[in-house]
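In: What would the 3D arrangement of this be:
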Amino acid sequence: MNVPAASVALLGEVATAERAGPRAAERLAQVHALLGDDMAAVDRELARVVRDGPSPATESATHLLEAGGKRVRPLTVLLAAACFGAVPASARDLAVVAELVHLATLLHDDVIDDGQERRGRVAPRRIWGNAVSVLAGDLLLTHALERTAACASHEVLGDLFATLRRLVEGEVIQLRGRARLDVNDGSEDLYFRVVHDKTASLFVWAARAGAQVARAPRQAIDALGDFGAHVGVAFQLVDDVLDYDGDPRATGKALLVDLVEGKLTLPLIRALSGRPALAGDVQAAREGDRHAAVRVAEAVRESGACVGVRALAREETTRALAALDRVPPGAARELLAGIARELASRAA
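Out: All right, here's what the predicted structure looks like:
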């Protein structure tokens, strides 16, 4: 079975979710048996679609795709469908859609954030410019919408439109928060609004869409949507911790990128709550003072905020696993649970 390198890496990560040798090997074998051919087909189609369009937009999108990635969202679509039998062709199409939307948001985010690197490589915007990155992202979104309209029901397409709106609204709210540093009693509420819109919403759509095209009962579709919501929140919580306490060699992302870009992440919000005087260094870090950024990072780690946020991520994972109890048991459901555990426990 020929599975692309990116998929092999992800399957290996899922398999080691519980750090149990024989069980890990068994899980990896299950993933290969269930999804090896499907993921290979998805990767082949992604490689084709990102090259479908005018240059240099296609080069920009291809550069990002070839940088790698976990492909968690496509896997979520496929596993959600596999919970209800053989994976239909439309689920493979929607797995492609999920990754196309994700890639589009990354291209746009790097322009908004003035991003320098993405997945350990130079960000496309630095090679082809901001305008090309924006248009490349737009092109991927048109491919995603056309594919969804061709292969899925009006309900799935309507859900995708709603998801795209949430992605944009979350970005706007986050951008609004960068204009001035305003940490108050409502900061955590705003933070979680952004997380639910910018990150969790696409996980929700991926899980629900896979179940919908597999003709799952409504209760199971809703359960998988709940699973996606909790997994998405846990994923972002851990990602925010890794900005202060990660391994850049493994993540492909330098430390303190979110801090310097002005994002109010939960570890920072909680550290500022306990030490308001830190706000001066946070503002200086936003203005490019690297020494101030290092001082903020040390204060965040010393505050215990990272430990607390990781604990919250584990709670979200527990809720995700509880949602899966409403889905028929089987290998696909267990693999979804494995993904949830791995995303919450990752150290890089």
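In: how about stretch 287-307: buried residues?
Out: Buried residues in stretch 287-307, counted by 16 or more other Cβ atoms under 10 Å: A292, A293, R295, V296, A297, A299, V300, R301, S303, A305, C306. For glycine as for every other residue, the C-beta is placed from the backbone atoms N, C-alpha and C.
In: What's the separation between the fourth one and G288?
Out: So the one you mean is V296. 13 Å (Cβ to Cβ, to the nearest Å).
In: How far off centre is the helix or strand harbouring L336?
Out: If you go by DSSP states H and E, L336 is part of helix 331-345. Its chain's average C-alpha position is 15 Å from that of helix 331-345, according to Cα atoms, centre = their mean, to the nearest Å.
In: Which positions within it qualify as buried?
Out: By 16+ other Cβ under 10 Å, the buried positions in helix 331-345 come out as 332-333, 335-345.
In: How about stretch 116-132?
Out: Neighbour-count burial for stretch 116-132 flags E117, R118, R119, A123, P124, R125, R126, W128, N130, V132 (criterion: 16+ other Cβ under 10 Å).
In: Quick check: helices, which of these are part of them?
Out: P124, R125, R126, W128, N130, V132 (DSSP state H).
In: from what I can see C83 touches R333, true?
Out: Yes: with contact defined as Cβ atoms under 8 Å, C83 counts as touching R333 (5.4 Å).
In: what's the overlap in contacts for those two?
Out: Common neighbours of C83 and R333, counting by Cβ atoms under 8 Å, 6 or more residues apart in numbering, are V327.
In: Against A104, how distant is G232?
Out: G232 is 17 Å from A104, by Cβ to Cβ.
In: More neighbours: which of those two?
Out: For the pair G232 and A104, the greater number of neighbours falls to G232 (28 against 25), based on other Cβ atoms under 10 Å.
In: now whichever strand or helix holds the more buried one: mean pLDDT?
Out: Using DSSP H and E, G232 sits within helix 218-245. For helix 218-245, mean pLDDT rounds to 96.
In: Give me the distance from that helix to the chain's centre.
Out: With Cα atoms, centre = their mean, you get 9 Å for helix 218-245.
In: Which secondary structure elements does that helix sit against?
Out: Helices and strands touching helix 218-245, by 3 or more Cβ pairs under 8 Å, 6 or more residues apart in numbering; DSSP states H and E, are helix 72-82, helix 187-195, helix 201-213, helix 257-260, helix 266-274, helix 290-303, helix 305-324, helix 331-345.
In: A89 is nearest to which of these?
Out: Proximity to A89 (Cβ to Cβ) singles out helix 201-213 among those, at 9.0 Å.
In: and the angle from the closest one to helix 331-345?
Out: Orientation check (axes from the mean of the first three to the mean of the last three Cα atoms, to 10 degrees): helix 201-213 against helix 331-345 gives 180 degrees.
In: so what does helix 201-213 touch, helix or strand wise?
Out: So helix 201-213, by 3+ Cβ pairs under 8 Å, 6+ apart, packs with helix 72-82, helix 89-113, helix 154-178, helix 218-245.
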